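Asker: Structure, please.
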Amino acid sequence: ESIFDALASRARRDAAMNDLQELAARYVRDSLEPQLEARIREAIDRDYAGPAMMRGVTWKTEVASTIDEVNVDPALLEMALRNLIENALAVTPPGASITVGAINAAAPERAGIDNTRPTETRWVDITVQDHGPGIPENVVQGHRVESDKPDGSGLGIAITRRIVARHGGAVLFDALPTGT
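Answerer: Now for the predicted structure:
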């Protein structure tokens, strides 16, 4: 096989992979449900307010009274939220607080799997703010790290980033004086 045949074969394989990824993304978009606000409130308050209180951490939920309906896969959104909240619970010291919020917002500069300017006009900003040591730069860049949690894999933020990107969103980190 010549180098040209090998390149042509690779190009066909890459095109097929791109087609499969687009088909999968289309399936995700077509099977989404517009139930963001209810899923956020239910999952967060039910599962995390108690554990936060037992750790001596103040728990706050600040979800706007009206949030634009956006199509999401509720199970995947819940998984993404759980990853971020469990990380926040693991690093927030007693006496500090965790705030989880959701508001209508302007789209970020870049988002989605292709990391391009969003075209969607409805955008919801979901935040998990804690007062832990912050997120290491290698995690912000999407690299796997060794987890300090007993059952942790070190993949939580990477998985969350992928879930959010598949929904056309972006995971952004803001460093605060005490936490993220």
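Asker: Against Pro51, how distant is the spatially most central residue of the chain?
Answerer: In the chain, the C-alpha nearest the mean C-alpha coordinate belongs to Thr160, at 3.8 Å (C-alpha atoms, centre = their mean). Using C-beta to C-beta, to the nearest Å, Thr160 is found at 19 Å from Pro51. For the C-beta atoms, the positions are set from N, CA and C on the backbone; glycine is no exception.
Asker: for Asp5, same thing?
Answerer: Asp5 is 58 Å from Pro51, by C-beta to C-beta.
Asker: ok, the two, which is more surrounded?
Answerer: Set Asp5 next to Pro51 and count neighbours by other C-beta atoms under 10 Å: Pro51 wins out with 13 against 9.
Asker: now the helices for the protein?
Answerer: 3-30, 36-54, 74-91, 137-140, 156-166 (DSSP state H).
Asker: Comparing these, which yields the minimum mean pLDDT?
Answerer: Ranked by mean pLDDT, the helices of the chain end with helix 3-30 at the bottom, a mean of 62.
Asker: For whichever strand in the chain runs longest, name the packing helices and strands.
Answerer: Longest strand in the chain, counting residues (DSSP state E): strand 97-104. Strand 97-104 makes packing contacts with helix 36-54, strand 58-63, helix 74-91, strand 124-129 when contacts are defined by 3 or more C-beta pairs under 8 Å, 6 or more residues apart in numbering; DSSP states H and E.
Asker: Using CSV, please lay out the ones you listed together with distance to Gly168.
Answerer: Formatted as CSV, the helices and strands packed on strand 97-104 follow (distance: least, C-beta to C-beta, whole Å):
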stretch, distance to Gly168
helix 36-54, 13
strand 58-63, 21
helix 74-91, 12
strand 124-129, 11
